[in-house]
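1. Return atomic coordinates for the entry below.
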Amino acid sequence: MSTLGNFIWSIADQLRGPYRPNQYGNVILPLTILRRLDYIIEPDREAVRALAAKYDNPNRLKVEVKKATGRSFYNTSNYSFGNLLKDADGLADNLADYIDRFSPDVDVFEYFDFKKEILALEKAELLREVITSFKAVDLHPDVVSNADMGDAFEYIIRKFNEAANETSGDHYTPRDAIRLLVDLLFAEKDADLTEAGIIRTLYDPTAGTGGMLALAEEHLLEQNPDAKLSLYGQEYNGQSYAICKSDLLAKGHDATNIAFGNTLTADAFKDRKFDFCMSNPPYGVDWKQYAKAVTEERDEAGPYGRFAPGLPATSDGQMLFLLHLAHKMRAPEDGGGRTGIVMNGSPLFNGAAESGPSNIRKWLLENDLVEAIVALPTNMFFNTGIATYIWILDNTKHPDRKGLVQLIDGTSFWTKMRKSLGSKNRELGEEDRAKIVRLYADFTAAEPDYSKVLCKDEFGYWTITVERPLLDESGQPVVDRKGKPKPDMKKRNTENVPITYGGSTAGAAGKVEVIAAYFDAEVKPHVPDAWIDWAKVKTGYEIPFTRHFYKYVPPRPLAEIDADLEKQVAMILELLREVEG
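-> Numbers count the residues shown, from 1 in each chain. Modelled structure (predicted):
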């Protein structure tokens, strides 16, 4: 639990009565942001006011402020937490003036509709009390680190959503899961990342409150303090966007790199590619309302558009984000890109051959983009106990990894939490993360219980339609005009033929030979009159993760089961005797 977050949330008790618990966040979150920014701009406040008096042009003012302070944002108001309370009668107007006079890139208070809250607090005669409490909270960066500030925001959001009976997992991802994702994302490039003065870009299309971006930067700077990571993100939840943008502003990043809006319908960085991409998109979220726009984009963009490989069912948009990120990786000729994305199990196997999901997997695997998939422990996330997986994509794989996919079963690497947070009662400790990263780095099947390295073709198959003849009353095949037997639709069946059947390494090129060999060995001996309808052969791809790590547990001996049953029967009879007696 965040001690700071707990303290800030305790201020919300002052709102009890005029505000319902599910409304507390509308006041607490923007005031926390304002207090943090207030500390950051305090040292240069007078210098900025002087520059504002000198330059009317906002573009020129921004340049001059950047020169003078090193920051891209500023505030030209005469008010701050230092003097707001001195004018008791004008507090509401003065606070509104303070918010209005931030530079245009600080649009975060609009997304909280905070001016409306100022008036509501004033009407309830609570404004002075709340501002007094926040003035006493020391959020100076020297006192509260960026990491602690992020923890505080997440704690407040979780409490806010619990009160509103909403799912906090929609807003942020547990930090232990992010740290593993970051470890894996940077693992293959760690040597490059230690170069002096390197500049890299990182992008999150579902940025939330910015937790992934913040921890990725923290990881890189720990390895190389001279490195520069330019952070980009897009978020469609107004409050999450405001927090994310505020966090980056506070750290000195270019806030224009954080965009508001729906990534699936309006990509804010349409012409940009990135060194690293990461995301935890919402699971199982319906995208019917966006289907028209997404389908139109797919049709208009042609074979190189982000959604060209296929579209998933409108009941679950996870794979749209998977495609989007694959499209956002820097081109191999420009140095290549890597992607890490957290999804549930359905993108591994949902959809039959040549369905949208299957075609997406086919495109990813045939283009050799899937480097590794890691199964996480269950009960890792705040709002769901289901199985989740990290996918790592890379369009410039290390030569040793080309044509191969590593599956890592990390489901047993977890530490029980002392106190559950929603559905989350397990976490990845440092040792747990280290074990998974070591398995990834070793890139072998030396520990087959936890790591498998498979050829990408092993996930492909052909679905064949097996026909049998329609028989007349005398048991003879019914034929068509050309003398060919007519198929009996009631006996029609399908078989999935692995592309690597019989040890084939020809891949899709050996389609006819592999299917024929499978049919002759696996089907013909059982139904000699059957044939293949070659016009109906379909190509499919699935990643049956759990099947690869299935461990057979033999059933208990019957004698042991009988003995247990006899004990239970004897116990029941004894209880019945006591009742009757």
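
2. Can you tell me the centre-most residue of this protein?
-> The centroid of the chain falls nearest to N280 when counting by C-alpha atoms, centre = their mean (0.8 Å).

3. now that one: how far from V512?
-> 42 Å (C-beta to C-beta, to the nearest Å). C-beta coordinates here come from the backbone N, C-alpha and C atoms, glycine included.

4. same check, this time on T444
-> From T444 to V512 the distance is 35 Å (C-beta to C-beta).

5. Please apply the same query to I436.
-> 41 Å.

6. Comparing those two, which shows the higher neighbour count?
-> I436 (23 against 12; other C-beta atoms under 10 Å).

7. That one is in contact with A177, isn't it?
-> No - using C-beta atoms under 8 Å, I436 is not in contact with A177, being 11.3 Å away.

8. Between those two, which contacts overlap?
-> L428 (C-beta atoms under 8 Å, 6 or more residues apart in numbering).

9. What ranges in the stretch 451-581 of the chain fall below the confidence cut-off?
-> 581 (pLDDT under 70).

10. And the helices in it?
-> Along the stretch 451-581 of the chain, counting by DSSP state H, counting those that start in this stretch, helices occupy 511-518, 545-548, 558-580.

11. same question, the stretch 251-400 of the chain
-> 291-301, 318-328, 346-349, 356-366.

12. Quick check: which of those is nearest to G403?
-> Closest to G403 of these, according to C-beta to C-beta: helix 356-366, at 9.9 Å.

13. list the helices and strands that closest one packs on?
-> helix 318-328, helix 346-349, strand 538-541 (3 or more C-beta pairs under 8 Å, 6 or more residues apart in numbering; DSSP states H and E).

14. buried ones in that helix?
-> G356, P357, S358, N359, I360, R361, K362, W363, L364, L365, E366 (16 or more other C-beta atoms under 10 Å).

15. follow-up on the earlier one: comparing the helices and strands packed on helix 356-366, which comes out most buried?
-> helix 318-328 (a mean of 23; mean count of other C-beta atoms under 10 Å).

16. Tell me which residues are up against that one.
-> 203, 205-206, 263-264, 267, 269, 272-274, 277-279, 281-285, 287, 294, 305-307, 309, 311-312, 337, 339, 341, 343-344, 346-347, 356-357, 360, 364, 369, 391, 393.

17. Would you mind getting the angle between that helix and helix 291-301?
-> 30 degrees (axes from the mean of the first three to the mean of the last three C-alpha atoms, to 10 degrees).

18. what's the angle between helix 318-328 and helix 356-366?
-> 30 degrees.

19. can you give me the mean pLDDT across helix 318-328?
-> On average, the pLDDT along helix 318-328 is 97.

20. re the thing from before, with E222 as the reference, name the closest of the helices of the stretch 251-400 of the chain.
-> helix 318-328 (24.5 Å).

21. could the helices of the stretch 451-581 of the chain be laid out in CSV, adding distance to D409?
-> CSV is the format used below for the helices of the stretch 451-581 of the chain (distance: least, C-beta to C-beta, whole Å):
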stretch, distance to D409
helix 511-518, 29
helix 545-548, 8
helix 558-580, 30
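
22. Quickly compare these and say which is most buried.
-> Of the helices of the stretch 451-581 of the chain, the one with the most neighbours on average (mean count of other C-beta under 10 Å) turns out to be helix 511-518, with a mean of 16.

23. Now do it: which elements does it pack against?
-> Packed next to helix 511-518, using 3+ C-beta pairs under 8 Å, 6+ apart, are strand 460-467, strand 493-498.

24. If we use 10 Å, what do you get?
-> Under the contact criterion of 3 or more C-beta pairs under 10 Å, 6 or more residues apart in numbering; DSSP states H and E, helix 511-518 touches strand 460-467, strand 493-498, strand 531-532.

25. Kindly format the C-alpha coordinates of it as PDB.
-> Below are the C-alpha coordinates for helix 511-518, written out as PDB (Å, rounded to 0.1, in the frame of the first residue of the first chain):
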ATOM      1  CA  LYS A 511       1.700 -28.800 -48.700                       C
ATOM      2  CA  VAL A 512       0.400 -31.400 -51.100                       C
ATOM      3  CA  GLU A 513       3.000 -34.100 -50.200                       C
ATOM      4  CA  VAL A 514       2.600 -33.600 -46.400                       C
ATOM      5  CA  ILE A 515      -1.200 -33.700 -46.600                       C
ATOM      6  CA  ALA A 516      -1.200 -36.800 -48.900                       C
ATOM      7  CA  ALA A 517       1.300 -38.600 -46.500                       C
ATOM      8  CA  TYR A 518      -0.900 -37.800 -43.500                       C
END
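
26. roughly how far is it from the heart of the chain?
-> 39 Å (C-alpha atoms, centre = their mean, to the nearest Å).

27. so where is this protein shaky, pLDDT-wise?
-> Ranges of the chain meeting pLDDT under 70: 1-2, 161-172, 189-192, 382-384, 422, 446, 581.

28. show me what contacts D267?
-> Residues in contact with D267 (C-beta atoms under 10 Å, 6 or more residues apart in numbering) are P205, Q234, A259, G261, E297, R306, H324, H327, K328.

29. Over to it: give its phi and psi.
-> Phi and psi for D267, reported as degrees, to the nearest 10, are phi -70, psi 110.

30. roughly how far apart are it and G337?
-> When D267 is compared with G337 (using C-beta to C-beta), they lie 16 Å apart.

31. before we move on, what about N78?
-> As defined by C-beta to C-beta, N78 lies at a distance of 47 Å from G337.

32. neighbour count winner among those two?
-> A direct count of neighbours by other C-beta under 10 Å for N78 and G337 places G337 higher, at 23 against 12.

33. The more buried one contacts E188, correct?
-> No - G337 is not in contact with E188 according to C-beta atoms under 10 Å; the separation is 11.4 Å.

34. what touches both of these two?
-> Here G337 and E188 share the contacting residues D394, T396, scored by C-beta under 10 Å, 6+ apart.

35. on that earlier part again, looking at the helices and strands packed on helix 511-518, which is nearest to L61?
-> strand 460-467 (58.9 Å).
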